[in-house]
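Novice: fold the following, please.
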Amino acid sequence: MKSTRRNLSKKKLKIFEPRSDGRGGSKLLEKTYTPNSPKNIRRSESPSKSSPSKRQKTDDIHDFGTQEHDFFEEDLDSDPRQTKTQRDYLEEFHAANPFHRVASWQETHYSPDWLWATGLRIHLGHGGNPCPHAKEGTGDSAFAQERIRNFQFNAEPPGKQLEGDTIVTIVHTNGIHHLPVALCQCPGRENMVLDDYLDLGLFPASYESVHSAFTFAVLDDNMLAYLECHTTSYQYYQKLRRLTNPAFPDSVPNRYQELHRVKRQWQNMKEIIEFGFAHNGREPGEGDLAYFCAGCPQPGINLPEDWKDDPERWKYHRSHCGDGCFSQVHQEPLSEETDIWLKSGEGFMTEKTRYAEHLASAEERKDMNMDYATTKAWSYGDFTGIEFLIWGYDVNCQYHPRHKERVGASEHLSFPPGLEDKIYYAIGTFHVHGHKNECYPRHATSFIKGAGVKSAEILESRWSELNHAAPSLRYMTLAHRAEMLDALMNDMNWKTMVNLSDYISKSYDKALEERDDAEDEFDKLDSTTSDEQRAKWASQEAQAHADRLSNVKAMDIYLSKLEAAPPRAQLELDRMEEEQNAGNNVGLTGWIVQGIEIQQQQLRILDEIARHPSPTPPQEIKVAKLKENLIQRFTDLMNKAETLFPDLDFTELSCRPCPWVGRKKVSEPSVVNRHVPLPSQVVSSRVIPGAYQAAKDAEIALRMGEANDALQGIRTEIGYKSYVYRAQIRLYKGKNRQTRGWDNIKRSDGELRFYQKVYTNALAALRILGAPAEVLAQYKDITKEDLRTVTSVSEPNARGQSKEKMAWFWSLDVAGDSDGSEHLEECKYIYAFNTNPKA
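Specialist: Residues are numbered from 1 along each chain as shown. Presented below is the predicted three-dimensional model:
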């Protein structure tokens with residue numbers, strides 16, 4: 001590209017006001033300014049206000065900031081053998097940078113200007129140099145002398161041609177330019193116009209008569225803006241219009257439709273080139289324009305030749321994950337007749353024809369989409385010799401039982417050869433903990449040999465990235481939407497691949513640390529296990545893993561076979577039936593239960609008072625009613641006591657202080673700190689009737705039930721808090737939603753503290769009553785640390801058991817010998833499997 005040389009005759013060089021020179025070029029109108037010091041003035045001139053300086057000044061403003069260039073007048077009558085002038089260098093710079101942004105001095109200020117006004121034009125063919133067969137311009141003095149000053153700031157020359165050359169609108173990263181384009185006039189080049197544009201880095205918007213073109217740079221920048229910022233073509237072009245004319249962007253020609261279409265063509269061409277189909281004469285097939293995971297083992301690509309001889313074959317397995325993204329809602333177009341599909345199935349999105357046929361023939365509508373996705377995904381890559389496949393899906397417990405049956409019944413679905421019986425149907429570690437207890441050993445990746453610590457939830461993180469693009473994808477046509485989804489997912493895969501080695505090395509270091517911790521915990525368990533138990537469990541484990549591919553129920557050996565600790569209600573019922581059958585001490589159990597419930601109600605009232613240190617009248621009324629009810633229950637309790645223990649004078653009993661007295665200061669005697677005359681609360685008495693002595697055994701059993709209920713309440717509240725954090729706080733960003741979530745957390749914390757107090761009171765009663773040592777060994781003190789370290793646990797199959805130290809109420813103490821203790825042995829059995837670092 002070169003500008004036409006100006007015939008400046010014997011006139012002085014003046015800059016930034018074009019005047020015709022009669023040869024298709026232009027000269028610049030004189031602009032002067034007063035110098036700052038006398039040394040810049042020629043000797044033949046004297047500085048004065050009426051006589052302008054001979055020194056000229058202009059600013060070239062472009063993408064990289066502002067540069068000032070000072071040019072002095074030049075006398076062309078001097079020796080023609082002189083070196084290049086400043087004007088020559090300026091012309092060469094503009095010829096090499098045709099989209100350079102400039103400004104001109106307008107008496108009092110700089111105004112935006114454009115290089116077309118300097119005579120710059122783009123020459124097609126010959127590497128941007130003028131064609132040797134080009135005809136000389138006829139000149140256009142009327143144009144050159146007419147200075148266009150409007151809202152466009154001289155951005156576009158008048159008319160569609162300039163001296164016989166077509167004015168082409170060229171879109172670049174710094175704005176929209178209008179430059180005359182001179183076609184190559186060499187014989188036989190008439191049909192090479194498009195090639196000439198592409199050779200210069202310009203993508204024409206049409207193939208016949210070119211009036212608009214886009215630089216390769218702006219097309220790459222537009223695509224990058226969409227991938228990183230999800231900027232639509234409309235938003236991107238509006239930005240370019242504002243860059244071109246910040247004051248009046250609507251005066252800039254609108255080429256959004258052209259950019260929208262060319263962007264799709266450009267992206268499709270780049271994908272064909274990047275994946276090697278531009279010059280090999282082959283058409284890309286299904287999935288050929290999608291990046292394959294570099295971490296998946298592929299024979300002949302990333303595996304050594306002797307990989308089949310490796311004794312640790314479990315390392316060579318593949319992992320696939322399935323999930324649904326429900327945020328990508330699509331607005332159904334009014335018509336799809338004009339929708340142009342540049343590709344169908346070559347990327348990540350499915351081939352539309354065969355997929356439509358499958359949907360039409362599928363009998364089970366619920367799983368028809370996932371069935372097609374699984375078999376299609378498994379058809380890519382080489383599974384020859386692969387040990388097994390881990391297929392992660394949130395609802396595999398429901399999905400997998402009839403999966404093989406559905407695939408066999410469909411003509412559009414099939415398994416790769418030899419893969420059908422090598423599939424582990426897994427559930428991701430995030431979702432499996434919300435399933436039934438039996439789903440944990442059957443489908444959690446923690447129980448798949450060779451899987452390691454695998455989340456099987458990778459698509460969840462992908463959706464979080466893809467969801468940001470949902471608004472821009474919603475209103476696209478189906479064809480365009482499929483292309484952009486392919487581009488977004490290819491971009492995510494590319495980022496994953498380039499960061500894969502760093503991620504693997506960090507994960508390896510982390511795994512070594514966690515393995516050491518897991519081995520320490522496992523060794524503690526193993527040290528108290530007999531050889532007979534160890535051999536028995538190892539045999540059961542080996543058999544379960546051998547059978548699980550054909551029957552996932554084989555993994556149920558990891559579930560506890562013992563019944564849960566009985567709640568107080570069950571123990572109460574059993575004691576009542578014994579009393580009624582024996583006809584002795586009938587009503588004793590009910591009296592003890594009533595006393596325990598009164599103590600719990602006292603705790604409830606104290607919590608209510610603590611919750612409102614400055615109560616309102618309605619809150620005071622609520623507390624008063626609770627106290628009235630408590631007084632009535634005390635009266636009923638003492639009336640029953642007189643019937644059960646007629647020989648006992650309760651006024652002579654010396655009672656221990658309530659556990660909460662001292663922590664809760666009460667200004668005056670109140671029903672909330674009144675003693676309940678249960679055996680655990682009596683210190684001593686001279687005369688204790690036999691019936692009252694028998695109440696001790698009944699209270700021990702009922703206090704165990706109370707402790708069990710309290711522990712269950714603690715576990716339930718911890719699980720509920722985990723749910724609230726996940727579903728009401730982390731999931732939503734809105735202040736209202738999060739406020740409600742924190743309110744729920746606050747209420748749950750209150751319940752958690754209440755159950756902890758109930759448990760503490762029950763444990764204290766058991767110790768006072770002299771419960772057997774084996775009973776006391778099951779119940780320990782609960783600390784704040786215990787509650788905090790297991791906040792992610794909601795069920796016995798909670799995540800993290802393989803690498804976290806469990807609080808005692810999730811797994812019993814195993815420091816002692818387990819022989820002869822069925823409960824302790826069973827818990828060790830389950831916990832040992834969960835913490836085995838070699839599993």
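Novice: in contact with Pro441, which residues?
Specialist: Remark: with contacts taken as Cβ atoms under 8 Å, 6 or more residues apart in numbering, Pro441 is in contact with 447, 555-559, 797. For the C-beta atoms, the positions are set from N, CA and C on the backbone; glycine is no exception.
Novice: and which of those residues is nearest Leu342?
Specialist: In terms of Cβ to Cβ, no member of the contacts of Pro441 lies closer to Leu342 than Phe447, at 45.4 Å.
Novice: isn't that closest one up against Met555?
Specialist: Yes - in this structure Phe447 lies within contact range of Met555 using Cβ atoms under 8 Å: 6.0 Å.
Novice: okay but Met368 is in contact with Leu359, surely?
Specialist: Yes - under the criterion of Cβ under 8 Å, Met368 is in contact with Leu359, at a separation of 6.1 Å.
Novice: comparing the two, which shows the higher neighbour count?
Specialist: Of the pair Met368 and Leu359, Met368 is the one with more neighbours under other Cβ atoms under 10 Å, namely 19 against 13.
Novice: pop out the phi and psi values for the residue nearest to that one when sequence neighbours are not counted.
Specialist: Distance criterion Cβ to Cβ, 6 or more residues apart in numbering; nearest residue to Met368, sequence neighbours excluded, is Ala362 at 3.7 Å. As for Ala362, its main-chain torsions (degrees, to the nearest 10) stand at phi -70, psi 140.
Novice: report how many residues lie close to Ala362.
Specialist: Going by other Cβ under 10 Å, the residues that sit close to Ala362 add up to 19.
Novice: check contacts around it.
Specialist: Contact partners of Ala362, counting by Cβ under 8 Å, 6+ apart, are 368, 371, 410.
Novice: Gln778 versus that one, what's the distance?
Specialist: 54 Å (Cβ to Cβ, to the nearest Å).
Novice: same check on Ala764?
Specialist: 15 Å.
Novice: next one: Phe634
Specialist: When distance is defined by Cβ to Cβ, Phe634 is 32 Å away from Gln778.
Novice: and for Glu286?
Specialist: 61 Å.
Novice: of those two, who's got more company?
Specialist: The residue with more neighbours, out of Glu286 and Gln778, is Gln778; 19 against 16, by other Cβ under 10 Å.
Novice: phi and psi next, for the more buried one.
Specialist: Backbone geometry at Gln778, expressed as degrees, to the nearest 10, gives phi -80, psi -20.
Novice: per-residue pLDDT, it?
Specialist: Gln778 carries a pLDDT score of 82 in this model.
Novice: so where's the stretch 551-700 of the chain shaky on pLDDT?
Specialist: 560-568, 571, 658-669, 684-691 (pLDDT under 70).
Novice: ok, which stretches of it are helices?
Specialist: Read by DSSP state H, counting those that start in this stretch, the stretch 551-700 of the chain holds these helices, from start to end of the chain: 568-582, 588-611, 617-644, 690-724.
Novice: so where's this structure uncertain?
Specialist: 1-83, 136-150, 453, 560-568, 571, 658-669, 684-691, 719-742, 744, 788-839.
Novice: how about the strands in the stretch 151-300 of the chain?
Specialist: Read by DSSP state E, counting those that start in this stretch, the stretch 151-300 of the chain holds these strands, from start to end of the chain: 161-162, 165-172, 175-182, 202-204, 212-215.
Novice: mind listing the helices for the stretch 351-500 of the chain?
Specialist: Defined through DSSP H, counting those that start in this stretch, the helices belonging to the stretch 351-500 of the chain, from first to last, are 352-361, 368-378, 396-399, 403-409, 439-443, 458-466, 470-473, 478-498, 500-527.
Novice: quick one, what contacts Val193?
Specialist: Applying Cβ under 8 Å, 6+ apart, we find Val193 in contact with 124, 183, 210.
Novice: okay if I get those residues as JSON lines plus distance to Glu541?
Specialist: Putting those into JSON lines (distance: Cβ to Cβ, whole Å) gives the following:
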{"residue": "Leu124", "distance to Glu541": "75"}
{"residue": "Leu183", "distance to Glu541": "79"}
{"residue": "Val210", "distance to Glu541": "73"}
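Novice: can you get me a residue count around the closest residue to Gly750 other than its chain neighbours?
Specialist: If you skip the residues right next to it in sequence, Gly750 has Asp607 as its closest partner in space, 6.5 Å away by Cβ to Cβ, 6+ apart. Here the number of neighbours of Asp607 (other Cβ under 10 Å) works out to 15.
Novice: can you check Ala554 too?
Specialist: Around Ala554 there are 17 residues (other Cβ under 10 Å).
Novice: do Pro311 as well
Specialist: 5.
Novice: which of the helices of the stretch 351-500 of the chain sits closest to Pro158?
Specialist: Using Cβ to Cβ as the criterion, the shortest distance between Pro158 and the helices of the stretch 351-500 of the chain is 36.6 Å, found for helix 478-498.
Novice: which other residues reach the closest one?
Specialist: Outside of helix 478-498, the residues within contact range by Cβ under 8 Å, 6+ apart are 223, 226-227, 264, 267-268, 271, 289-291, 293-294, 328, 330, 333, 336, 339-344, 347-349, 352, 462, 465-466, 469, 472-473, 476.
Novice: list buried residues within those.
Specialist: 223, 226-227, 264, 267-268, 271, 289-291, 293, 342-344, 347-349, 462, 466, 469, 472-473, 476 (16 or more other Cβ atoms under 10 Å).
Novice: send the alpha carbons of the helix or strand that contains Leu90 over as PDB?
Specialist: Using DSSP states H and E, the secondary-structure element containing Leu90 is helix 86-96. Below are the C-alpha coordinates for helix 86-96, written out as PDB (Å, rounded to 0.1, in the frame of the first residue of the first chain):
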ATOM      1  CA  GLN A  86      10.200  14.200   6.500                       C
ATOM      2  CA  ARG A  87       7.300  14.100   4.200                       C
ATOM      3  CA  ASP A  88       8.600  10.900   2.500                       C
ATOM      4  CA  TYR A  89       8.900   9.200   5.800                       C
ATOM      5  CA  LEU A  90       5.400  10.300   6.900                       C
ATOM      6  CA  GLU A  91       3.900   8.900   3.600                       C
ATOM      7  CA  GLU A  92       5.800   5.600   4.100                       C
ATOM      8  CA  PHE A  93       4.500   5.300   7.700                       C
ATOM      9  CA  HIS A  94       0.900   5.900   6.700                       C
ATOM     10  CA  ALA A  95       1.200   3.500   3.700                       C
ATOM     11  CA  ALA A  96       2.400   0.800   6.100                       C
END
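Novice: give the next helix or strand downstream of it.
Specialist: Helices and strands here follow DSSP H and E; after helix 86-96, the next one along the chain is strand 102-105.
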